[in-house]
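1. Below is the sequence, then the predicted model.
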Amino acid sequence: MAKTLTEYVCQSCGHRAPKWLGKCPECEAWNTLVEEKIKGINLSRKTGSDSFDKKSIQPITKVETFAQDRLITGINEFDRTLGGGLVEGSLVLIGGEPGIGKSTLLLQSMGQMARSGAKVLYVSGEESPAQIKLRADRLGVLSDNLLICSEICIEDILHMVDRVQPDALVFDSIQTFFTVDLQSAPGSIGQVREVAFKIFQYIKKRSIPALLIGHITKDGAIAGPKSLEHIVDTVVYFEGEKGHSYRILRAIKNRFGATPEVGVFEMLSEGLVGVENPSDIFLSERPADSPGSIIVSSMEGSRPLLVEVQALVTASSSIGMPRRMSAGFDQNRTSLLVAIMEKRLALNLQGEDIFINIAGGLKVSEPAVDIGVAAAIAGSFRNKVVDPGTVMIGEIGLTGEVRSVMQLEARLTELKRLGFKRCIVPHSARKERLLNKNSSLKLVPVKTLSEAFDAVF
Ligand code: TYD
Ligand code: MG
């Protein structure tokens, strides 16, 4: 008797179970398991020696290669993030929170591409053609080469794609499409994966690039697009804080790019505008002579960004439970730095509320900003101002030592460009022979956090 092959898939984390369960054993979410048909392997396919193609295994030197052609989207910051344009036949996932600007970015960039002659098909399961036209008009990218379609059945869509033969495809968003092969609703993990896989197979045969938009919530609760990360060639995330106009496009995986690159945009009423020199902007509103404000350098892709760290330390009103909050910087890392300062520098921060903010709504995750965060906290605590022409670079170890950072030279070049006079650097900079006395930038190498504080306060 033929067995019906179904399984239950958690819509929150993607865990698979043979039986229905009320609570997912993996992520412990309730009521998230949904029945899905197992996509069987075709058992009638011949296996074994006869079907084995000699070409399947070959010396790497004999593999045929071809130059990867890239389509230039016309939006510099987007091309940079993709590693120099859209590679033909590649599948790109653009993830981000709803409303962050994913549709805007793709409509704008694909519209530009269409205006320079490429035929682009924009398939939207979220908006009507009239809505898309209104937006494209506002963005100034109307073009006869930009084809619009509001359809959600992937089989129908691919059938149409065959007829129009576009140079590039956009799917907005992957959560709205469905395949007739599965019974689950659009947006379920099974559908998202299957639809993406169909698109993947389709474009690889024809060498058309495709961009998939995927909505992701802050805590990554919708695991759908996350589960696609291993299928697609490139994953870029669009980040930013609502209420701030800056947006960062971050490539976290790129099969066709050397380094994980970053693009910086400003969201204006006429759409997204690339920011060529982000440091200038992030530092433009810096308060003069204010305790608790430090300039640090964070490497974003191949670009060193200078950003302002702000700390506010105030006596806590709740005994035993001081508040520790950070925006744009890892909360745990803040706690660690506070612990190091308490232990190694005998700074008594126990009864203090500590707030950290990275100005401009930016997120920094690099260890090189440690020293700046620590100095901002100490500065606010002791009410001491650091000279505004000073930048601090260095990772802090658990014994309070200042550790080396990558690409120090590139960071220093950016400092010089912006006219900074002094930079606290890890002691290892001595070995790297970066301490050029005649330079307009004075480097102060330090071994420990306490040496660094002596130098700036
Ligand atoms: P959108 O691209 O629709 O977000 P997503 O596709 O990621 O859900 O962007 C929506 C927001 O962007 C909306 O709040 C309005 C804002 N926006 C601008 O500020 N300027 C513009 O030119 C456009 C088109 C949108
Ligand atoms: Mg959208």
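-> That came in fine, so what should we check first? Numbers count the residues shown, from 1 in each chain. Ligands and ions are numbered 1, 2, ... in the order given.
2. and the strand or helix carrying V391, which strands flank it?
-> Per DSSP states H and E: V391 is located in strand 390-392. Looking at strand 390-392 with DSSP bridges, its partner strands are strand 293-300 (parallel), strand 422-426 (parallel).
3. The chain against ligand 1: which residues are in contact?
-> 96, 98-104, 135, 138-139, 267, 269-271 (CB under 6 Å from any ligand atom). C-beta: built from backbone N, CA, C; applies to glycine.
4. Quick check: which element contains I252?
-> Applying DSSP H and E, one finds I252 within strand 246-254.
5. Which strands border that strand, and is each parallel or antiparallel?
-> strand 234-239 (antiparallel), strand 262-268 (antiparallel).
6. Now it: buried residues?
-> 246-251, 254 (16 or more other CB atoms under 10 Å).
7. ok, of these, which one's closest to ligand 1?
-> R247 (9.4 Å; CB to the nearest ligand atom).
8. Name all residues that make contact with the closest one.
-> When contacts are counted by CB atoms under 8 Å, 6 or more residues apart in numbering, R247 touches 100-101, 238-240, 264-267, 272.
9. so it bridges to which residues?
-> Going by DSSP bridges, R247 forms beta bridges with F265.
10. Tell me which residue of the stretch 251-400 of the chain lies closest to ligand 1.
-> G271 (4.1 Å).
11. In the sheet, which residues pair with that residue? Tell me.
-> Here G271 sits in beta bridges with L268, going by DSSP bridges.
12. among the residues of the chain next to ligand 1, who's most crowded?
-> K102 (25 neighbours; other CB atoms under 10 Å).
13. those helices in the chain, which residues are they?
-> Counting by DSSP state H, residue ranges of the helices within the chain are 76-81, 102-115, 129-139, 154-164, 189-206, 223-226, 278-283, 331-344, 370-382, 408-417, 449-456.
14. how about these in TSV, adding mean pLDDT?
-> Listed next are the helices of the chain as TSV, based on pLDDT from 0 to 100:
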stretch	mean pLDDT
helix 76-81	91
helix 102-115	94
helix 129-139	94
helix 154-164	94
helix 189-206	91
helix 223-226	69
helix 278-283	82
helix 331-344	95
helix 370-382	96
helix 408-417	90
helix 449-456	95
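15. which one of the ones you listed lies closest to L21?
-> L21 lies closest to helix 189-206 among the helices of the chain, at 15.4 Å (CB to CB).
16. quick one: contacts of stretch 137-153?
-> By CB under 8 Å, 6+ apart, the list of residues contacting stretch 137-153 from outside reads 104, 107-108, 110-112, 114-115, 117-125, 127-129, 132-133, 136, 157, 160, 164, 166, 176-180, 186, 270-271.
17. again, 7 Å this time
-> 107-108, 110-112, 114-115, 117-125, 128-129, 132, 136, 157, 160, 164, 166, 176-178, 180, 186, 270-271 (CB atoms under 7 Å, 6 or more residues apart in numbering).
18. which of these count as buried?
-> Here, 16+ other CB under 10 Å leaves 107-108, 110-112, 114-115, 118-125, 132, 136, 157, 166, 176-178, 186, 271 buried among the contacts of stretch 137-153.
19. okay, the angle between the strand holding I252 and helix 102-115?
-> 80 degrees (axes from the mean of the first three to the mean of the last three CA atoms, to 10 degrees).
20. Low-confidence regions, the stretch 301-450 of the chain specifically.
-> Low-confidence segments of the stretch 301-450 of the chain (pLDDT under 70): 432-438.
21. Not including adjacent chain positions, what is the nearest residue to L5?
-> Nearest residue to L5, sequence neighbours excluded (CB to CB, 6 or more residues apart in numbering): I38, at 4.1 Å.
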